[in-house]
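Everything below, folded, please.
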Amino acid sequence: LYIPIDKADIHRMDISTWKTEKYVTLPNVTSRLDFDDKGNLYTAKANGIYVVNPDKNIMSTQKLNGITIVELRVYNGFVYAASSSALYKIPILDSKGNLGGEQLIIDIKSYPEFSNCDISSFTISSDGSIYLCLKNHPDYSIFVLENDNTITPFYVDNILPQRVDQIIWGNSRFVYLNRGTLLRDSVRVYKMGMDRNGAPYLGR
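Reported below is the predicted structural model:
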């Protein structure tokens, strides 16, 4: 288990013993991370994306520099990164994790019905479908980004919590919805069955 913490350190935890060790220290604090199938670690927050090779060589990139990244995922040869207002994908160019230019997928603020919403999280299914967690929508919390870039509610029957801060896919056909943070009193985690698996998490 790899954990970004204060002072720009990434710690590695052995979940069988709960012992931790410092894995690498980055130039800046980060809050989101993921891996590719070569073992390269991608981590980001407000200062672009850092790539850490398995030999702990740190490569800094200016991609999305100045944009605070709220979520990051690796899928099918791309790093997907979201700010509160937009979702991007960035091609992984080689086995060392070098990145190409970012490509805008959607700008939430360009949709009139979502102009007051913010992206707080997203996840990707095994078939590439993107599930967006949007804050401040009056009716729904989880949306699906369709192939034609339309955005539709995942469930229209109001059976999901109205506010969800993070969506995470588990090992099987379940997603976990986190509402709140450890600094709030109303933290809730919901487990929701799906009809498909999530994209493979390459850090396992």
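
going forward, measure contacts between C-alpha atoms and count neighbours the same way
Will do.

what sits against the nearest residue to residue 174 once chain neighbours are set aside?
With CA to CA, 6 or more residues apart in numbering as the criterion, residue 174 has its nearest non-adjacent residue at 4.6 Å, and that residue is residue 193. Contact partners of residue 193, counting by CA atoms under 8 Å, 6 or more residues apart in numbering, are 173-175.

Just the buried ones out of these, please.
Among the contacts of residue 193, those classed as buried by neighbour count (16 or more other CA atoms under 10 Å) are 174-175.

ranges for the helices of this structure?
Counting by DSSP state H, no segments of the chain form helices.

Sketch out the low-pLDDT regions of the chain for me.
1-7, 65, 156-161, 180-187, 202-204 (pLDDT under 70).

Tell me how many other residues crowd the closest residue in space to residue 136 that isn't next to it in sequence.
Closest residue in space to residue 136, ignoring its immediate chain neighbours: residue 117 at 5.1 Å, by CA to CA, 6+ apart. Neighbours of residue 117 under the rule other CA atoms under 10 Å: 20.

Wait, residue 117 touches residue 138, no?
No - applying CA atoms under 8 Å as the test, residue 117 and residue 138 come out as separate, 9.3 Å apart.

In JSON lines: the contacts of residue 193, plus distance to residue 74.
Output for those, formatted as JSON lines (distance: CA to CA, whole Å):
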{"residue": "173", "distance to residue 74": "19"}
{"residue": "174", "distance to residue 74": "19"}
{"residue": "175", "distance to residue 74": "17"}
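
Go through the contacts of residue 193 and say which is closest to residue 163.
When the contacts of residue 193 are compared for distance to residue 163 (CA to CA), residue 175 wins out at 15.4 Å.

my read: the closest one touches residue 167, true?
Yes - counting by CA under 8 Å, residue 175 touches residue 167, with 6.8 Å between them.

Now for the residue nearest to residue 136: which residues touch it?
Neighbours of residue 117 in contact, by CA under 8 Å, 6+ apart: 85, 108-109, 134-137.

residues contacting residue 109?
Residues near residue 109 by CA under 8 Å, 6+ apart: 85-86, 115-117.

what do you get if the cut-off is 7 Å, keeping everything else the same?
The neighbours of residue 109, taking CA atoms under 7 Å, 6 or more residues apart in numbering as the test, are 85, 115.

mind checking how far it is from residue 116?
Residue 109 sits at a distance of 7 Å from residue 116 (criterion: CA to CA, to the nearest Å).
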